[in-house]
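> Attaching a predicted model along with its sequence, questions to come.
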Amino acid sequence: MIPELGHFALIVALLVAIVQSILPMVGAARRDHALMGVAVTAARAQFGLVALAFGCLMWSFATSDFSVANVAANSNTHLPLRYRLAATWGSHEGSLLLWSLMLAGWGLAVSVFSRNLPQVLRARVLAVLGMVAIGFLLFLLTTSDPFTRLFPAPPEGRDLNPLLQDPGMVAHPPMLYMGYVGFSVAFAFAIAALIGGRLDAAWARWSRPWTTVAWSFLTIGIALGSIWAYYTLGWGGWWFWDPVENASFMPWLAGTALIHSLAVTEKRGAFRSWTVLLAIVAFSLSLIGTFLVRSGVLTSVHAFATDPARGLFILAFLAVVIGSSLVLYALRAGAVGAGGAFAPLSRESLLLGNNVLLVVALASVLLGTLYPLFVDALAVGKISVGPPYFDTVFYPLMAPLLFLVGVGPVAAWRRAPLPELWTRLRWAAGVAVVAAVLGPVAMGRWKPLVALGLLLAAWIAAATFAALAHRLRHAPQRTLAAKLGANAPAWYGMLLAHLGVAVFVAGVTLVKGYEIERDVRLDVGQSVVVAGDTYTFRGVTAVPGPNYDALVATIDVTRANREVTTLHPQKRTFRASGQAMTEASIERGIGGDHYVSLGEPITGSGASGAWAVRIYVKPFVDWIWGGCLLMALGGFTAVADRRYRLARARRAEPAAALAAST
């Protein structure tokens, strides 16, 4: 009965989504308050129904109901409970249901926290979200039903992909989907504004916090995926330019450009048409990512489906959403207006440069991701586009972008005289040069690219502190506490996010410049020296796990005869599927990681004799994810700004009364 209840809840949710997409839109056109009010009720009902369906599927996994095909294919009774619950979104069907739950959750949030919006705008936003929900619920019910029954039910299930039996995969998909799906709200605001013809500072202020929260969740989701790949796949890498990784990175780039463009629209009323287009592009790229992951056109550890029917449905949905949005944009964007004028050197021009570079970088990633698919589809051969292409094209675009990140916060709106900028940033430039010269020397070997990376990282960090010092120095308040309290949380969020970029760039620079990889053959008792540390292989022990059998190695790490750590890499064989997986052992530190991965036995039995061992030294690699965390924290801090507390705002507020934006 539980699966049938879940299936029925999805059917009713689809009907509610249809009502949500039609009646409020009609009500907005007629200014009928009763019909517009349906949007709020329908959005909340839809969330309750999809949550019920998701709960039914989770219950089926928790109780090992193998009469449900999805459960039988992705779980078994030996799987620990936490992974049985996480298996709810470990399959194509379950992850799509999670996507629909997130979409309904965003609709619920809009209905609750946007009570200050004009009723017409709120009705249209929720109606657009309802239209998007129709597509995904239809996809679930027609091609990807998570509640399909098996008769007779098998006595035991198969297994969840061993790569997904990891704590990181419990949190990674929900965070990633919160970001992916969150851009649907920015998209809905953009479409609603185009329909209503209102694209002003107030519209940007309403849309900006939703975009920032979605971007922050997507940042966390991408970081968690990178961490998972780093310690689970056993390759010691944190980013592989995998097409499915790119599928999440492209919306992030578009979302980053959108956040900065919204800042200009909110403060100066400029970039209006461009901002709307970016909102459409960000969500469209989320849909393209869905197509790549679920259509079967890609082979990846991240991809789900290989059913062409599913790919065709998503492609058609993609064409309808993107096509209709761009047609509406073409019809209405011309009437928006250009906004306020600004000098060639101003904060507006710097943010415009920021947007141009982000979009060009986005285009380079999109080309490298899709071009091999087009070549394959045309049957003219197969090509592979990997890190050499992306490193050659993407990184050179980042250098000028990172320079602008340092200048932007200290530049004035409308006009920023060059002598004034130099006065504010000259000591930051000095700090950056010193870091570029001394940093590589301190690491033991001077490298030009490392010097450039450290120059940019130090430039951003020093310029950020310069912006803070300038703001405090010219504040009228007398005490430091009063000066700090006078600034908006959105401004501190910007500084924190930019510091996160600096930390991230420093981590990437140092790990790519000084990482060490050694593949060695070690007998029991044999040692090898890597980067001044001695790694001694003590042997392998058989250890049973809850649903796998493991061979666990013991490797002592010493430096100058002093113990540093003991690492225990594993080779796991999962009983249900027979699949083997490597579990790396990592000793983390702020200055770098000791990373050891166990290969295959070379001589003797599995528990004795020589083994292939891969040893990595990863200097400052954790700074990469620390920088991502600071970026996301900056986004959440910015949303705490008083002018974004939508539930407490006055119902109608003229644009002239808007608080000073970042």
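Happy to help now that I have it.
> So which residues of the stretch 451-600 of the chain form helices?
Taking DSSP state H, counting those that start in this stretch, the helices of the stretch 451-600 of the chain run over residues 480-485, 489-514.
> Take those and lay them out in JSON lines including mean pLDDT, mean neighbour count and distance to Thr88.
Just so you know, the C-beta spots here come from the backbone N, C-alpha and C atoms, and that holds for glycine as well. Output for those, formatted as JSON lines (pLDDT from 0 to 100; neighbours: other C-beta atoms under 10 Å; distance: least, C-beta to C-beta, whole Å):
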{"stretch": "helix 480-485", "mean pLDDT": "89", "mean neighbour count": "12", "distance to Thr88": "45"}
{"stretch": "helix 489-514", "mean pLDDT": "95", "mean neighbour count": "22", "distance to Thr88": "32"}
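> quick one: stretch 122-142 to chain centroid distance?
The chain centre lies 22 Å from the centre of stretch 122-142; the measure is C-alpha atoms, centre = their mean, to the nearest Å.
> buried residues in that stretch?
122-137, 139-141 (16 or more other C-beta atoms under 10 Å).
> Keeping just the C-alphas, turn that stretch into CSV.
Output of stretch 122-142 as CSV, limited to C-alpha atoms (Å, rounded to 0.1, in the frame of the first residue of the first chain):
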residue,chain,number,x,y,z
ARG,A,122,4.0,36.4,-6.6
ALA,A,123,1.2,34.7,-8.6
ARG,A,124,3.2,34.7,-11.8
VAL,A,125,6.4,33.5,-10.1
LEU,A,126,4.6,30.5,-8.5
ALA,A,127,2.7,29.8,-11.8
VAL,A,128,6.1,29.6,-13.6
LEU,A,129,7.4,27.2,-10.9
GLY,A,130,4.2,25.2,-11.4
MET,A,131,4.9,24.9,-15.1
VAL,A,132,8.4,23.6,-14.4
ALA,A,133,7.0,21.1,-11.9
ILE,A,134,4.6,19.8,-14.5
GLY,A,135,7.5,18.8,-16.7
PHE,A,136,9.4,16.9,-14.0
LEU,A,137,6.3,15.2,-12.6
LEU,A,138,5.3,14.1,-16.1
PHE,A,139,8.9,12.8,-16.5
LEU,A,140,8.6,10.8,-13.3
LEU,A,141,5.2,9.3,-14.0
THR,A,142,5.7,8.4,-17.7
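> helices or strands up against the helix or strand harbouring Ala202?
Per DSSP states H and E: Ala202 is located in helix 201-232. For helix 201-232, the contact count by 3 or more C-beta pairs under 8 Å, 6 or more residues apart in numbering; DSSP states H and E identifies helix 168-196, helix 243-268, helix 272-294, helix 622-639 as packing neighbours.
> now the first one: mean pLDDT?
What it means is helix 168-196. Mean pLDDT, helix 168-196: 91.
> tell me how far that helix is from the chain's mean position?
11 Å.
> Also stretch 159-172?
With C-alpha atoms, centre = their mean, you get 18 Å for stretch 159-172.
> Endpoints of it, how far apart?
Start-to-end span of stretch 159-172 (C-alpha to C-alpha, to the nearest Å) is 20 Å.
> Now for the nearest residue to Leu138 once chain neighbours are set aside: which residues touch it?
Leaving aside its sequence neighbours, Leu138 sits nearest to Leu14 (C-beta to C-beta, 6 or more residues apart in numbering; 6.8 Å). For Leu14, the contacting residues are 134, 137-138, 141, by C-beta atoms under 8 Å, 6 or more residues apart in numbering.
> quick one: Leu14 from Trp238, how far?
Distance of Leu14 to Trp238, computed by C-beta to C-beta, to the nearest Å: 40 Å.
> Ser324 now?
Ser324 sits 38 Å away from Trp238, going by C-beta to C-beta.
> Neighbour count: these two, which is higher?
Between Ser324 and Trp238, counted using other C-beta atoms under 10 Å, Trp238 has the larger neighbour count: 21 against 12.
> Touching, that one and Val621? I think so.
Yes. Here Trp238 reaches Val621: they are 6.5 Å apart, a contact under C-beta atoms under 8 Å.
> Quick check: neighbours shared by those two?
Common neighbours of Trp238 and Val621 (C-beta under 8 Å, 6+ apart) are 230, 511.
> Got the phi and psi for Arg445?
The phi/psi pair for Arg445 (degrees, to the nearest 10) reads phi -160, psi 130.
> Please verify my assumption that His172 contacts Ser226.
No. Using C-beta under 8 Å, His172 is not in contact with Ser226, being 9.4 Å away.
> Please compare the two by neighbour count and tell me which comes out ahead.
Comparing His172 with Ser226 by other C-beta under 10 Å, the one with more neighbours is His172, at 25 against 19.
> and that one, how far is that from Trp106?
Using C-beta to C-beta, His172 is found at 19 Å from Trp106.
> what does Ala466 give?
From Ala466 to Trp106 the distance is 37 Å (C-beta to C-beta).
> Between those two, which is the more surrounded one?
Neighbours per residue (other C-beta under 10 Å) separate Ala466 from Trp106, with Trp106 holding more: 25 against 20.
> Could you pull up the contacting residues of the more buried one?
By C-beta under 8 Å, 6+ apart, the residues touching Trp106 are 129, 181-182, 184-185.
> and which of those is nearest Trp252?
Closest to Trp252 out of the contacts of Trp106 is Gly182 (11.5 Å), distances taken as C-beta to C-beta.
> Could you report the neighbour count for that closest one?
Number of residues near Gly182 (other C-beta under 10 Å) recorded here: 29.
> Please identify the nearest residue in space to it, excluding sequence neighbours.
Nearest one to Gly182, counting by C-beta to C-beta, 6+ apart, is Ala214 at 2.5 Å.
> Fine by me, we can end here.
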